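Trainee: I'd like to go over a predicted model; first the sequence, then the structure.
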Amino acid sequence: MSGTSTFRGLLVVAASVASVVAAHGQQAPTAASAKVQSYLSSQRTRWQLSAADVADAAVTSTYSEPRTGLTHVYLRQRCQGLEVFGTESDLHLDKAGQVVSQHLAFVRGAAQAARSATPGLTPTQAVAAAAAALHIKLAGGSLRLRTPGEPAVGLVFETGPAAQAQVISVKLLYQALAGGELRLVWQVTLGDPASSHHWNARLDAQTGQLVDKEDLTISEISSFAQLAAQHQRVGSLPAAAAAAHRAPAAVQRTQAVNSYGVWPLTVESPIHGARQLVLNPADAIYSPYGWHDTNGVAGAEYTITRGNNAYAYEDRAGANIAGYSPDGGSNLEFDFPLNTNAQPRFSQDAALTNLFYWNNMVHDVMAYKGFFEAAGSFQTTNYSALGAGGDAVLAEAQDGSGTSNANFLTLPDGQAPRMQMFLWPTVIHAALTITTSSAVGQYQAVAAQYGKPLSATVPFTGQLALVSDATLSSLGCTAPLANPAALAGKIAVVDRGICTFTSKIRNAIDAGATGVIVINNIAGSPTTMASTDTVGIRIPAVMISQADGLLLKAALAGSVPVNGSLLQQGNAFSRDGDLDNGIIVHEYGHGISTRLTGGPTINVCLRNAEQMGEGWSDFFGLWMTTKPGDQGVTPRPIGNYVLAAPPTGTGIRTESYSTDFAVNDLTYALVGTPDYNDVHPIGEIWCATLWDLNWALINRYGYNTNLKGTTGGNNLALQLVLDGCKLQPCRPGFIDGRNAILKADSLFNGAANAALIWQVFARRGMGYGASQGSSNSLTDQVPSFALPPGQTPLATQSAQLTAALEVYPNPAHDQLTVRLGLLGTGPVQLSLHTLLGAQVLSTTVPAATLQATGARLATGALADGLYLLQLRSAEGVATKKVLIQH
């Protein structure tokens, strides 16, 4: 191709990009402010607000949708020239400038509720007070003003060496408190150099007392690490799969320009499909100059895994500093050897390539669904000049600050987010060999995820001694232990229970023990001891079973010394989270939902009790890894790769996702119950509902393999979900989220799918009449499985009614649960018949019960065989075959 042709081609590309991105228009703040002010003034009496309450609203961000012309305006109340934290609101205007949706959270009588607007502390004093309150050690040196400005707008300071400066932002605000008071506060946003935490703290501007705070880093500790400890097991990849994951020798590798050796789009992880060489994957519209450009001019600025949308590097030191990145050379060839049955550090080039590919792929796909530049997408350079640039994702691979985890930090538009992907140690088996006493023999043990590693060749030997604490028990929970002389220089044996593993081990260390054996307190195999609090533990620690422990304690009660040794068995390779694409998308998803809810410059809208952030992230991960031919009823666990489990494993969630209630029966009624009072299990309920919606729309409109397309039920589902994030209020609850999706369908599809959406949400307890109460509470929800008045179930014919009938387990043993995914009227008759027509069981249940909890039929007295279950209601008759098998 001639140079002229190439240049003309670039001009065409540049022109097309300009026309597309210009459509994502962001109105001038003054124009948006004028429209907002006019609307608030004319409507203030609806909210019982005074003219002063709405007189000086601050527009925090605004942008328009090219697809629909809808303009989103996000705002805060302002009092005495200062924004009021907690009053984040939103207005949405159609092409004609009419408000079609709004949520207002302004405080009534703000001027009367506000204290003085003059702070007693200076900005630097506020930073010092925040660091003290959060136990953060600031980098050395004095604070330097990096971005001067007015306190009401915001100041940026830095401290420490310029190349690794700790950046701290400070802003003077009012904070709306529960009692109606407006407290003058300094908002200080700063990271902790010693951890992954990044805090948004508000301190009393007069006293420096901490008023409130949020950790902006969304971590998966309660879900990932704990469930990993429960589910992990030893397991290398199957031989055939492992062979496929090892790249051929360099001389045999295919040379391909702009190529990436990865598990590509829709492949969840190495256990879900083959690694492939993907060519030229950058999107022509949303990454028009490729993934390695940053200046909007043809030609890559970087040949490493760095570009406009992401910068992937290793951070094994856990220092939050950019480390090594693989170099693809001038041809951008990122195809590197990989062996998943070796320690991940030996395959870091391939892992970083996969992490870089998926961060870019999520960026490109989500841009088509509404996460574009003006909406706050993550880019170094915004080619449209809309929104703020300078915020490509900092993707830290094999991060050393944790294990069995992952997290994502989202800052306001224009400040780079950070993704940290960790290693997931697999279970390390060990052999405990007793050489003296009545307990002579070999026992199975499992090593802790911390402490001194065992050798696979040199045994760790010593005499064993049973701990005794102040209560004369062997739990080892009371410090100091009662028998330090007996434990010094020996391997301590301790019972599990009452206190944490690390407490027991530290107490043994303080008594002089050289190792620790924990005896399980429940029957079955020993498990992995995991913790995030492991500082100072530098001796080996293992767990043995309860049964083996009883033998060991019996021997220790005798007069013969008990000597033994510990030896690692098998390989102890960690799984690399950088290869689990579902988790990568999950983490990136936190950035999407945070930037879209409340607008791209406000990053505190998903910190309330009933928020659904984990649910959106799980849904994004499932959606991006759905393949043609998949079915909604098929169980979809999350995280099986990092758990060293097969694709059919249980994953890291309480239930696998499925439209089949026999697999996943989560409903809104569970929110706030003991097992569903944390963000992760709460999110599972939301994701289960979105997953149902996705498949309901696929069943209606089909599945489109082009994930950037506008047709197909899968694309419509994701579009509605992202539109819903933009339309919902700051600090949303489940019913807010449902209403926003219904509003999106109404605005953009003429409510063509309203009945289907209602049916999906009603099935999971968010039907007509459901109430979330306060989105800051988990104790005031009212579920409902009803449809709106006058709306009949979509399935009224027998065949369709049968499709909504759920019967589980099938085969059944002593009990059969019957549930209907549609709500009808009046009582429902259930009967069970033999194939010859003889009725063997019959009962009548309310329709609402059948949908909410289901009906349970006792089948223990029935003979083995095939039966027909018949449901008869005002809406029709449905039948299902049931196998009884004792």
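Mentor: Arrived safely, thanks for sending. Numbering: from 1, shown residues only.
Trainee: which of the three states applies to K553?
Mentor: For K553, the assignment made with DSSP: H, G, I helix; E, B strand; the rest coil gives helix.
Trainee: sorry, slip of the keys, the one I care about is L40.
Mentor: Assigned by three-state DSSP, the conformation of L40 is helix.
Trainee: for the one 5 residues further on, same thing?
Mentor: Following three-state DSSP, T45 is assigned to helix.
Trainee: do N407 as well
Mentor: Following three-state DSSP, the label given to N407 is strand.
Trainee: how near is the nearest residue to it once chain neighbours are set aside to L40?
Mentor: Among residues not flanking N407 along the chain, S219 sits closest, at 4.2 Å (Cβ to Cβ, 6 or more residues apart in numbering). No exception for glycine: its C-beta is placed from N, CA and C like everyone else's. Distance, S219 to L40, using Cβ to Cβ, to the nearest Å: 38 Å.
Trainee: compare neighbour counts for these two and give me the winner.
Mentor: More crowded of S219 and L40, by other Cβ atoms under 10 Å: L40, with 24 against 21.
Trainee: who touches the more buried one in this structure?
Mentor: Contacts for L40 were tallied using Cβ atoms under 8 Å, 6 or more residues apart in numbering; they are 49, 54, 57, 104.
Trainee: show me which pair in these is furthest apart.
Mentor: Based on Cβ to Cβ, the longest span within these runs between L49 and A57 and measures 10.6 Å.
Trainee: need the overlap of contacts for those two.
Mentor: Overlap of the contact sets of L49 and A57 (by Cβ under 8 Å, 6+ apart) consists of 40, 106.
Trainee: so for the two, which sits in the more crowded spot?
Mentor: A57 (25 against 21).
Trainee: touching, the more buried one and R76? I think so.
Mentor: Yes: with contact defined as Cβ atoms under 8 Å, A57 counts as touching R76 (7.1 Å).
Trainee: mind checking the end-to-end distance for stretch 465-480?
Mentor: 16 Å (Cα to Cα, to the nearest Å).
Trainee: which residues sit against that stretch?
Mentor: Residues from elsewhere that reach stretch 465-480 (Cβ under 8 Å, 6+ apart): 481-483, 486-487, 490-495, 497-499, 503-504, 506-508, 510-511, 513, 553, 556.
Trainee: residues of that stretch that come out buried?
Mentor: Neighbour counts over stretch 465-480 (16 or more other Cβ atoms under 10 Å) mark 465-469, 473-478 as buried.
Trainee: how about stretch 382-391?
Mentor: Result for stretch 382-391 [16+ other Cβ under 10 Å]: buried residues 382-384, 386-389, 391.
Trainee: restricted to strands, list those residues.
Mentor: Using DSSP state E, no member of the buried residues of stretch 382-391 sits in strands.
Trainee: how about the residues you listed in TSV, adding pLDDT and distance to H813?
Mentor: Below are those laid out as TSV (pLDDT from 0 to 100; distance: Cβ to Cβ, whole Å):
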residue	pLDDT	distance to H813
N382	98	60
Y383	96	61
S384	95	61
L386	96	61
G387	96	58
A388	96	60
G389	96	61
D391	97	55
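Trainee: between these, which sits nearest D678?
Mentor: D391 (29.2 Å).
Trainee: low-confidence ranges, the chain, go.
Mentor: Scanning the chain for pLDDT under 70 picks out 1-32, 220-255, 532, 571-572, 793-800, 822-825, 874-875.
Trainee: can you rerun that using 50?
Mentor: Scanning the chain for pLDDT under 50 picks out 1-28, 221-253, 796-797.
Trainee: care to break it down by domain?
Mentor: Using automatic domain parsing, the domains assigned to the chain come out as 29-111, 123-215, 221-425+576-584, 428-570, 608-763, 798-884.
Trainee: surely S831 is in contact with T844?
Mentor: No: the criterion here is Cβ under 8 Å, and S831 misses it with T844 at 9.5 Å.
Trainee: compare those two (neighbour count), which wins?
Mentor: Neighbour comparison, S831 and T844: the larger count goes to S831, with 17 against 12 (by other Cβ under 10 Å).
Trainee: quick one: contacts of whichever strand or helix holds that one?
Mentor: Here S831 sits within strand 827-834, counting by DSSP states H and E. Residues outside strand 827-834 that contact it (Cβ under 8 Å, 6+ apart) are 818, 820, 839-847, 850, 855, 857, 859, 862, 865, 867-873, 882.
Trainee: quick one, what contacts the residue nearest to P600 when sequence neighbours are not counted?
Mentor: Leaving aside its sequence neighbours, P600 sits nearest to G376 (Cβ to Cβ, 6+ apart; 2.7 Å). With contact set as Cβ under 8 Å, 6+ apart, G376 has these partners: 61, 387, 413, 595-596, 599-601.
Trainee: list buried residues within the contacts of stretch 465-480.
Mentor: So, by 16+ other Cβ under 10 Å, the buried ones in these are 481-483, 486-487, 490-495, 497, 503-504, 506-508, 511, 513, 553, 556.
Trainee: just checking, H590 touches L216?
Mentor: No: contact between H590 and L216 fails when scored by Cβ under 8 Å: they sit 10.1 Å apart.
Trainee: more neighbours, the two?
Mentor: Legend: neighbour count by other Cβ under 10 Å for H590 and L216, higher for H590 (26 against 22).
Trainee: for that one, helix, strand, or coil?
Mentor: helix.
Trainee: cool, the one 4 residues further on as well?
Mentor: At T594, secondary structure determined by three-state DSSP is helix.
Trainee: what residue, apart from its backbone neighbours, is nearest it spatially?
Mentor: T410 (4.2 Å).
Trainee: the one you found: what's it in contact with?
Mentor: Here T410 is in contact with 216, 218, 417, 590-591, 594-595, 603 (criterion: Cβ under 8 Å, 6+ apart).
Trainee: 6 Å instead, please
Mentor: The neighbourhood of T410, defined by Cβ atoms under 6 Å, 6 or more residues apart in numbering, consists of 417, 591, 594, 603.
Trainee: one step back: next, the angle from the helix or strand following the strand holding S831 to strand 827-834.
Mentor: Tracing the chain past strand 827-834, the next element assigned as helix or strand by DSSP H and E is strand 839-846. Interaxial angle, strand 839-846 versus strand 827-834 (axes from the mean of the first three to the mean of the last three Cα atoms, to 10 degrees): 160 degrees.
Trainee: from the chain's centroid, how far away is whichever helix or strand comes after strand 839-846?
Mentor: Once strand 839-846 ends, the next helix or strand along the chain (criterion: DSSP H and E) is helix 847-852. A distance of 32 Å separates the centroid of the chain from that of helix 847-852, by Cα atoms, centre = their mean, to the nearest Å.
Trainee: ok, stretch 599-610 next?
Mentor: Per Cα atoms, centre = their mean, the centroid offset for stretch 599-610 relative to its chain is 15 Å.
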